[in-house]
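K.L.:
how would this look folded up:
(2 chains)
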2 protein chains.
Amino acid sequence: MPKLWNETVEEHRRAVRDAILDATARLIASDGLRAVTMSQVATETGIGRATLYKYFPDVEAVLLAWHERQVHAHVDHLAKVRDREGTPVERLRAVLEAYASIAHERHGDELAGLLHRGEHVARAHGHLHGIIRDLLDEGARGGAIRRDVATDELASYCLHALTAAGGLRGKAAVRRLVAVTLTGLRPEDSAGRSAPVE
Amino acid sequence: MPKLWNETVEEHRRAVRDAILDATARLIASDGLRAVTMSQVATETGIGRATLYKYFPDVEAVLLAWHERQVHAHVDHLAKVRDREGTPVERLRAVLEAYASIAHERHGDELAGLLHRGEHVARAHGHLHGIIRDLLDEGARGGAIRRDVATDELASYCLHALTAAGGLRGKAAVRRLVAVTLTGLRPEDSAGRSAPVE
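P.N.:
Residues are numbered from 1 along each chain as shown, chains lettered A, B, ... in the order given. This is a model prediction of the structure:
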């Protein structure tokens, strides 16, 4: 039964790979991205260096795989937050707060910034943009979101504004940033104001 | 009169340096940052390669000096825009539009992104943050800008939101981005709303 055998091998490889990335995550959390070496990863995973090299050619490949897994987990998390109960704006607020928290935690990690140029990040970013735009579309249909600017542009505004979370101190500041960003999405009110009174 | 002699030498050096950076700017405009070489810069400036190397050790140093001059010019321009006549919010809008236009034009320039990590950029960014925060303070005192969030945080929100201009097509889209960003700065209106109706 070669098929089953292959499946077992594949499962085993996936389990080892996951264990390697879990170990990498622990090393990054304790010593930072730049400190991670292949020897450390092997030791922390509990495998030999030779085995590790069968999975990843170098430490950059390990870090990239770890980062891809992280980004996937973030997008999954944000999609789950989107699917909670609530009005479009409530769900939008929840997604923006979750995203801002991620941006907040990422602060100061230079190497993460470099990894960020990867294709998987561009894909995840596109996915996230779509999640936010869909919520904005729903909100605009219900009259809770401004209609004078395309939701594509509003989604891009949200994502950029929330990167300010990286420089903020404390979760209260992150919530304030989300509140300010949401204010920008308000429809013109009955007085026709769409910008601060001059 | 050694002092006068030194001044003349210093003036000459500055003129040559400016001519080198002007030539660099022309080369960047026509072929892009990555294409610039020391030979091209020397030819375009109308000086010998040996002379060029007395001013800059390599092409990275030329590009860095060019970029420093650019960033200074941008900050000077924004400070002039700030000093125009108008209410704080009008002046804020003008500064934000000028900044967003700069962010818009910079789009897609990878090497510029790398240069952007320099210290001179951090200083310029701090300066710009101060310009915007001061206008926000004025506006908040007059009741045109929200007071529930510190102007330091609001300035950071503005600068990050406007980086979205880099991905926008057309000046109308940039103006819409500025309008949305300004809406985020609105004080709560009489109905006490500070976020989209839910």
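K.L.:
A:Ala73: which element?
P.N.:
helix A:59-82 (DSSP states H and E).
K.L.:
which helices and strands does that helix pack with?
P.N.:
When contacts are defined as 3 or more CB pairs under 8 Å, 6 or more residues apart in numbering or on different chains; DSSP states H and E, helix A:59-82 packs onto helix A:2-31, helix A:38-45, helix A:88-105, helix A:110-115, helix A:119-141. (C-beta placed from N, C-alpha, C; glycine too.)
K.L.:
Name the residues of it that are buried.
P.N.:
For helix A:59-82, a neighbour-count test (16 or more other CB atoms under 10 Å in any protein chain shown) marks A:59, A:62-63, A:65-71, A:74-75, A:78, A:81-82 as buried.
K.L.:
Domain-wise, how is chain A divided?
P.N.:
A:1-56, A:59-198 (automatic domain parsing).
K.L.:
Can you pull up the most central residue in chain A?
P.N.:
The residue lying closest to the centre of chain A (CA atoms, centre = their mean) is A:His74, at 3.9 Å.
K.L.:
Quick check: the residue nearest to that residue when sequence neighbours are not counted vs B:Ala19, distance?
P.N.:
In space, and not counting its chain neighbours, A:His74 is closest to A:Ile102: 5.5 Å by CB to CB, 6 or more residues apart in numbering or on different chains. Distance of A:Ile102 to B:Ala19, given as CB to CB, to the nearest Å: 48 Å.
K.L.:
A:His127 now?
P.N.:
Distance, A:His127 to B:Ala19, using CB to CB: 49 Å.
K.L.:
cool, A:Gly184 as well?
P.N.:
45 Å.
K.L.:
ok so, going back, looking at the buried residues of helix A:59-82, point me to the pair that's furthest apart.
P.N.:
Spanning the widest gap among those are A:Val59 and A:Arg82, at 34.7 Å by CB to CB.
K.L.:
winner for burial among the domains of chain A?
P.N.:
With neighbours taken as mean count of other CB atoms under 10 Å in any protein chain shown, the domains of chain A reach their highest mean count in domain A:59-198, at a mean of 18.
K.L.:
Give me the mean pLDDT for that domain.
P.N.:
Mean pLDDT, computed over domain A:59-198, is 85.
K.L.:
next one: it to chain centre, how far?
P.N.:
9 Å (CA atoms, centre = their mean, to the nearest Å).
K.L.:
same deal with stretch A:50-63?
P.N.:
Relative to the chain's own centre, stretch A:50-63 is displaced by 24 Å; criterion: CA atoms, centre = their mean.
K.L.:
What is the end-to-end distance of it?
P.N.:
18 Å (CA to CA, to the nearest Å).
K.L.:
Quick check: chain neighbours aside, which residue is closest to A:Gln40?
P.N.:
Counting by CB to CB, 6+ apart, A:Gln40 lies nearest to A:Leu27, which is 5.7 Å off, once chain neighbours are set aside.
K.L.:
residues contacting the one you found?
P.N.:
Neighbouring residues of A:Leu27 by CB atoms under 8 Å, 6 or more residues apart in numbering or on different chains: A:Ala35, A:Val36, A:Gln40, A:Val41, A:Glu44.
K.L.:
repeat for A:Gln70
P.N.:
A:Gln70 sits next to A:Ala25 when contact means CB under 8 Å, 6+ apart.
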